[in-house]
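Peer 1: quick one, fold the following:
(2 chains)
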Number of protein chains: 2
Amino acid sequence: MGKVQERKAKLHDRLIDVAEAQIIEGGLSTVKARDLARKAECALGAIYNVFDDINDLVMAVNARTFHKLGEAVSAAVKDAHDEGPNDQLIAMSKAYLGFAAENTDLWRALFDLEMSSESKVPEWYLAELAQLFTHIAHPLARLFPDLPRDELDLMVRALFSSVHGIVLLGLEKRISGVPRPQIEHMIAQVLSQIGK
Amino acid sequence: MGKVQERKAKLHDRLIDVAEAQIIEGGLSTVKARDLARKAECALGAIYNVFDDINDLVMAVNARTFHKLGEAVSAAVKDAHDEGPNDQLIAMSKAYLGFAAENTDLWRALFDLEMSSESKVPEWYLAELAQLFTHIAHPLARLFPDLPRDELDLMVRALFSSVHGIVLLGLEKRISGVPRPQIEHMIAQVLSQIGK
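Peer 2: Presented below is the predicted three-dimensional model:
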């Protein structure tokens, strides 16, 4: 790799670090090109030599976040290897909750950017999502061995969305916000009913 | 009511109409005081004679939205009066989906404003939410007649959050977005499992 490429690669990673730190500090809405350039000690224009735009940079942060989220869920799947399918689903969901609770702004950015962005969904995103869905599909297939594949796929999405909703509103400090043990209990209340 | 009070009341309602139209047109993020004043044909400062701030005005729009949402769900409950508890839950959820699908930006504002706002939750909001939760509690109590009250209340929140998550990600045009009949199917997949 040539000197220029090397410098570009370093700036690329440094900008991701800086943007990630900013999302953690103040949330997605506080990510501004000028601040990032200052913190990464580069010219404002230099950002656009390594990223199409700020959206593209935040997507790179999201890639990192989504990968960490996937690792957290995978670890929970391994730990729950010998448990029943419902308990496996609950274990994964608790890992999802744990990640969202400990990385709330990074986790929110995964969804908030999508909602505001009109750009195409990157391949890596679909790959991470597919991996996450595969973890859910396994125990679900044990609960519904005769369910047609397309029905199973839809139910995987349905359960992921259900847990996401419980975590999202549960972590929302106001109105529907509840203490974390209660959020875990709500997840178990729903998932323990599946396939009964 | 004196002339001044009357004028204030008219401006109050006109600003709610204008803000509501703006949310429908461009979403919550496009609501700007200056535009609202122009469209409501009042001075910028006049807004703050009838509302504490723009947040307070959007909350007034949300009050209207939440009330309409409550009416849509209540109507679904009445229509499903003779059905089983699972079908009643599904009917309510389909009404929730229908409202969210047809009033997406107004519905989003109900939650997005909360997330961004730090102000106190208004009484009317808690009242509307309590009403919504009561609709869910009835069929649920039929499914779990022996469930302690606090367990039931938590499960009501859990199911509301689950359906909210399915609707939220389902309507999200990208990544997890699916056609509306599939969203309805996902809701039924989960809710039909409850209390089995």
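Peer 1: show me what the one helix or strand A:Ile47 maps to is packed against.
Peer 2: Using DSSP states H and E, A:Ile47 sits within helix A:47-50. Using 3 or more CB pairs under 8 Å, 6 or more residues apart in numbering or on different chains; DSSP states H and E as the contact test, the elements touching helix A:47-50 are helix A:3-26, helix A:33-39. Placement of C-beta: from N, CA and C, glycine included.
Peer 1: got the buried residues for the shortest one?
Peer 2: What that stands for is helix A:33-39. By neighbour count, with 16 or more other CB atoms under 10 Å in any protein chain shown as the criterion, the buried positions of helix A:33-39 are A:Ala33, A:Leu36, A:Ala37.
Peer 1: looks like the first one contacts A:Ala43 (just checking).
Peer 2: No. Taking CB atoms under 8 Å as the contact criterion, A:Ala33 and A:Ala43 are not neighbours in contact, 10.8 Å apart.
Peer 1: can you name the next helix or strand after the lowest-mean-pLDDT helix or strand in chain A?
Peer 2: Lowest by mean pLDDT, DSSP states H and E among the helices and strands of chain A is helix A:104-116, with a mean of 81. Beyond helix A:104-116 on the C-terminal side, the first helix or strand identified by DSSP H and E is helix A:123-143.
Peer 1: give me the most central residue, chain A.
Peer 2: Nearest to the centroid of the C-alpha atoms of chain A, with distances taken as CA atoms, centre = their mean, sits A:Phe66, at 4.1 Å.
Peer 1: in space, what's closest to that one - neighbours in sequence excluded?
Peer 2: A:Glu128 (4.4 Å; CB to CB, 6 or more residues apart in numbering or on different chains).
Peer 1: give me every residue that touches the residue in chain A that chain B sits nearest to.
Peer 2: Using CB to the nearest CB, the closest approach of chain A to chain B is made by A:Gly165 at 2.1 Å. Listed by CB atoms under 8 Å, 6 or more residues apart in numbering or on different chains, the contact partners of A:Gly165 are B:Ser161, B:Ser162, B:Val163, B:His164, B:Gly165, B:Ile166, B:Leu168.
Peer 1: residues touching the last one, list them.
Peer 2: Okay, so that is B:Leu168. Per CB under 8 Å, 6+ apart, neighbours of B:Leu168: A:Ser161, A:His164, A:Gly165, A:Leu168, B:Ala100.
Peer 1: what's the farthest-apart pair in those residues?
Peer 2: Put simply, by CB to CB the two of those set farthest apart are A:His164 and B:Ala100, 15.3 Å from each other.
Peer 1: ok so, going back, so the residue of chain A closest to chain B is in which element?
Peer 2: helix A:149-171.
Peer 1: could I get the average pLDDT for the following helix or strand past that helix?
Peer 2: Scanning forward in sequence from helix A:149-171 by DSSP H and E, the next helix or strand is helix A:180-191. Throughout helix A:180-191, pLDDT has a mean value of 96.
Peer 1: again, but for stretch A:127-147
Peer 2: 93.
Peer 1: neighbours of A:Val121, how many?
Peer 2: Residues near A:Val121, counting by other CB atoms under 10 Å in any protein chain shown, number 13.
Peer 1: against A:Gln189, how distant is it?
Peer 2: Distance, A:Val121 to A:Gln189, using CB to CB, to the nearest Å: 32 Å.
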